[in-house]
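Chemist: Task: produce atomic coordinates for the following.
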Amino acid sequence: MKAPKIPNEYAGIIKKISETAKEEGFSVYAVGGFVRDLFIKRFPNDLDIMVEPLCSSQNSRLAGINFSKVLASKYSLGNPVIFERFGTAKLFIDGREVEFVMPRKEYYEDSSRNPDTDIGTLEQDALRRDFTINALFLRLNDNEILDLTLKGAADIKNKIIRVADSSAADIIFKQDPLRILRAVRQSLQLGFAIEPNTYEAMKNSVKRIKIVSPERIRDELNKILSEKFPSTAFRMMETLGLLLEILPDIAILKGLTQPEKYHIDDVFGHTLSVVDRVKNVLVLRLAALLHDAGKFAARKDENGKISFIGHEKQGAEIAQRVLKELKYPKIFISQISLIIENHLYPKMYERQWSYAAVRRFAARCGGELENILELSKADYGRKNDEDALKSLKERIEELKSRDALIRGGELLSGTQLMRRFSLPQGGWIKQAKEIIAQERFENPNLTEDEAFGLIKRKMGL
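Modeler: Predicted structure coming up:
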């Protein structure tokens, strides 16, 4: 079977690899997602090269490493990064990272998804992979496709995700339960259906996801959230029982009703709709995913009736905990928390809001003002909410046009205050600065002299 056309961006890299392999006595194969993407006419992002020595006297385990060194020397590419435990090496060629590997078989411990590896045959390497669509090999020596599972090409044509080794479906997901999340993600990305036996095997191993590091789960979630309609994947995760294992604060929103005058869907359905509606920016997608997480905790008022008062604050707290557990950066967590905590304010806007109130809101939002307005827009439930948001945006734009929304930086420093009033450093400085900040909401053009006079009057200095 002949290979599809290789994109021009990779043609030079492939030529260097294939020519060097012929000269030095290696057989080389492009493997994994690279080959799959060629078949579905999707631009590939990763190039993995599997290397076999043609001479039996060479060390097969080191074939990928040795070949990368030869290639690096021939084209002056710098030293490859070597991972001896796995028999792999990474090398930058023409600005792209290429990984070189040996054909391998793997051995897993129950407590870890990280395998020990050993040299294997091409067939063993194909069957140890996750799905048939990722187990096609493109032999670069003669441009031939090897379909060693006998189903890879057909599954790509029929848009099916199936485990590479159908006789060991449960084992494949038990050994590396991250494959469950990858199957969900690839189903969403490619528009492929998951084959029934594969789906059942995924369900059987969802509780094993606990052995996967939070960072790897986070990375898969980020990829899902970058797709056009992430809700499809989250619904599948919920049906599988996977969502309860990795994001229980979202899973428990399923079936949680809310007043119809605000939203028709249950909280889970509404949450996913908002995720799809916000702009495809990770900070916004995560804020949308977690923006109603506080509703489960806030659902009962003191009389036992359904009430979601204060859910935005509880949601911000839950978001902080969840994102911290998934090892997101602190600054990122603070951004999302701020967005969630303030996303309801635009809906409360009325024409009676003073310019000072709008300025206070903008100051409260800081650098996340646009993201907060975006989440609020996606979260609308009533026509009144849309009208309020539109009016607020008009008022904000009006103030921006007059350069009268927010004045950046402090008007008076602590040193200036101490010098003017001949007082030592102390808590009075913080109090004075707060008085100035509040006055600037009313009068954004406040001068330094006016500020000194205000402090003198209000603090009796």
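Chemist: Point out where this protein drops to low pLDDT.
Modeler: Flagging of the chain using pLDDT under 70 yields the residue ranges 56-59, 107, 111-117, 259-263, 298-309, 350-351, 381-384, 407-408.
Chemist: All the strands of it, in order from the start?
Modeler: Ranges of strands in the chain, per DSSP state E, are 26-31, 47-53, 81-83, 88-93, 96-101, 104-107, 116-119, 136-139, 144-147, 160-161, 193-194.
Chemist: Among those strands, which comes closest to residue 209?
Modeler: Residue 209 lies closest, by Cβ to Cβ, to one member of the strands of the chain: strand 193-194, at 16.5 Å. Heads up, the C-betas are built off the backbone N, CA and C, glycines and all.
Chemist: now the strands of the chain in CSV, with distance to residue 290?
Modeler: Rendered in CSV, the data for the strands of the chain read as follows (distance: least, Cβ to Cβ, whole Å):
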stretch, distance to residue 290
strand 26-31, 37
strand 47-53, 34
strand 81-83, 36
strand 88-93, 35
strand 96-101, 33
strand 104-107, 36
strand 116-119, 38
strand 136-139, 38
strand 144-147, 42
strand 160-161, 28
strand 193-194, 26
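Chemist: Compile those strands into JSON lines and extend it with columns for mean neighbour count and distance to residue 452.
Modeler: Putting the strands of the chain into JSON lines (neighbours: other Cβ atoms under 10 Å; distance: least, Cβ to Cβ, whole Å) gives the following:
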{"stretch": "strand 26-31", "mean neighbour count": "24", "distance to residue 452": "72"}
{"stretch": "strand 47-53", "mean neighbour count": "23", "distance to residue 452": "65"}
{"stretch": "strand 81-83", "mean neighbour count": "15", "distance to residue 452": "61"}
{"stretch": "strand 88-93", "mean neighbour count": "20", "distance to residue 452": "60"}
{"stretch": "strand 96-101", "mean neighbour count": "20", "distance to residue 452": "59"}
{"stretch": "strand 104-107", "mean neighbour count": "16", "distance to residue 452": "73"}
{"stretch": "strand 116-119", "mean neighbour count": "15", "distance to residue 452": "72"}
{"stretch": "strand 136-139", "mean neighbour count": "24", "distance to residue 452": "75"}
{"stretch": "strand 144-147", "mean neighbour count": "17", "distance to residue 452": "79"}
{"stretch": "strand 160-161", "mean neighbour count": "21", "distance to residue 452": "70"}
{"stretch": "strand 193-194", "mean neighbour count": "18", "distance to residue 452": "69"}
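Chemist: Of all those strands, which one comes closest to residue 362?
Modeler: For those, the distance to residue 362 is smallest for strand 96-101, at 42.8 Å, taking Cβ to Cβ.
Chemist: For the closest one, which strands pair with it and how are they oriented?
Modeler: Taking DSSP bridges as the criterion, strand 96-101 forms sheet pairs with strand 47-53 (parallel), strand 88-93 (antiparallel).
Chemist: Would you map out the domains in the chain?
Modeler: 8-155, 213-340, 343-401, 414-459 (automatic domain parsing).
Chemist: can I get those in CSV with distance to residue 177?
Modeler: Shown next, in CSV, are the domains of the chain (distance: least, Cβ to Cβ, whole Å):
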stretch, distance to residue 177
domain 8-155, 7
domain 213-340, 9
domain 343-401, 32
domain 414-459, 51
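Chemist: Residue 256: neighbour count?
Modeler: Residue 256 has 18 neighbours, counted by other Cβ atoms under 10 Å.
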